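Undergrad: sequence-free structure coming up:
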């Protein structure tokens, strides 16, 4: 019989701090999609918004600010006229590409339908 003060191996296992931080950021709606859009190169705010149907300007602005705050995205102001704000991935953001591509391959294999888009647009 086990000592009541002794914890089992199962009870001592927990999610690591690194994984927790990743999912605190990427577990938020839209974050992964924003990074995925920027993997194709820099884009202006309006281009990102058009690429992600359903995201509001406010939400996009909040998520971009958060991504910039953790160093994954760089914000660049084009004085214009007209004034335009562009975003691009930093080296840290670009380092996410292999992980996101692997998640995409996993989804293609294990999640049905592919979202209803023709395959040529999903690559």
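TA: Sure thing, it's come through. The model shown is predicted, which means the values in this text are computed figures rather than measured ones.
Undergrad: which non-adjacent residue is nearest the residue nearest the centre of the chain?
TA: Most central in the chain under Cα atoms, centre = their mean is residue 32, positioned 2.1 Å from the mean C-alpha point. Leaving aside its chain neighbours, residue 32 sits nearest to residue 26 (5.3 Å; criterion: Cβ to Cβ, 6 or more residues apart in numbering). From N, CA and C alone the C-beta is placed, and that goes for glycine too.
Undergrad: who's in contact with the residue nearest to the centre of the chain?
TA: Residue 32 makes contacts with 26, 100, 103, as judged by Cβ atoms under 8 Å, 6 or more residues apart in numbering.
Undergrad: need those in TSV with pLDDT, secondary structure and distance to residue 78, can you?
TA: TSV is the format used below for those (pLDDT from 0 to 100; DSSP: H, G, I helix; E, B strand; the rest coil; distance: Cβ to Cβ, whole Å):
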residue	pLDDT	secondary structure	distance to residue 78
26	89	helix	28
100	91	helix	27
103	89	helix	32
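Undergrad: Turn these into a markdown table, including distance to residue 38 and neighbour count.
TA: Compiled in a markdown table, the contacts of residue 32 are given as follows (distance: Cβ to Cβ, whole Å; neighbours: other Cβ atoms under 10 Å):
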| residue | distance to residue 38 | neighbour count |
| --- | --- | --- |
| 26 | 14 | 15 |
| 100 | 11 | 15 |
| 103 | 16 | 14 |
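Undergrad: Tabulate those (a markdown table), appending distance to residue 81.
TA: Converted to a markdown table, the contacts of residue 32 look like this (distance: Cβ to Cβ, whole Å):
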| residue | distance to residue 81 |
| --- | --- |
| 26 | 36 |
| 100 | 35 |
| 103 | 40 |
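Undergrad: Out of the residues you listed, which is nearest to residue 51?
TA: residue 100 (14.8 Å; Cβ to Cβ).
Undergrad: Contact partners for that closest one?
TA: Counting by Cβ under 8 Å, 6+ apart, residue 100 makes contact with 32, 35, 36, 39.
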